[in-house]
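# I'll drop the sequence and a predicted model, then ask my questions.
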Amino acid sequence: MVSKLHVVLVLTGLGLTTSNVLDAQAAGAPEPGGPRRHDCIGYEHRDFGGATITQNAGRGWRYVGGGWNDKISSFRMRNGCGIRAYQHRDYQGDSKVFRGSYRYVGDLWNDQISSWKCQCD
């Protein structure tokens with residue numbers, strides 16, 4: 001039987017914390033030792049709720065489409081990844097970089113994103 005302390009030490013040795021692993025599993029991001037799914041995930045509602053729109057490193061959405069335009073409220077991404085979000089299509093207008101998980105993008109950016117890029121280290 002593996003003790004909880006042993007599991008935490010192993011995860012820490014890999015540069016992970018228990019919350020990193022749980023966040024990765026919940027987000028559909030890569031699980032340690034598992035297959036890669038999506039590097040960046042946008043959510044329709046705050047607190048990672050509602051429908052999702054996904055992208056992988058080095059890719060982007062020049063326009064998220066009519067169904068997603070101005071509807072993103074939260075983001076999750078794999079460790080080492082970030083999202084540059086743009087106010088308008090074709091990567092135009094104001095932009096902001098989000099790194100890590102954002103349960104809520106904030107009042108200024110909520111329901112304002114029309115294009116975005118997923119960038120990873």
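Alright, I've got the coordinates. Numbering: from 1, shown residues only.
# ok, now which ones touch Thr54?
Gly28, Arg37, His38, Cys40, Ile41, Gly42 (Cβ atoms under 8 Å, 6 or more residues apart in numbering). Bear in mind the C-beta positions are built from the backbone N, C-alpha and C, glycine included.
# now the helices for the protein?
Taking DSSP state H, the helices of the chain run over residues 4-13, 18-27.
# the strands in this structure, which residues?
40-45, 49-55, 59-61, 74-77, 81-88, 92-99, 115-120 (DSSP state E).
# just those: most buried one?
strand 74-77 (a mean of 26; mean count of other Cβ atoms under 10 Å).
# please name every helix or strand in contact with it.
If contacts are counted by 3 or more Cβ pairs under 8 Å, 6 or more residues apart in numbering; DSSP states H and E, strand 74-77 sits against helix 18-27, strand 40-45, strand 92-99.
# mind doing that once more with 10 Å?
With contacts defined as 3 or more Cβ pairs under 10 Å, 6 or more residues apart in numbering; DSSP states H and E, strand 74-77 has these neighbours: helix 18-27, strand 40-45, strand 49-55, strand 81-88, strand 92-99, strand 115-120.
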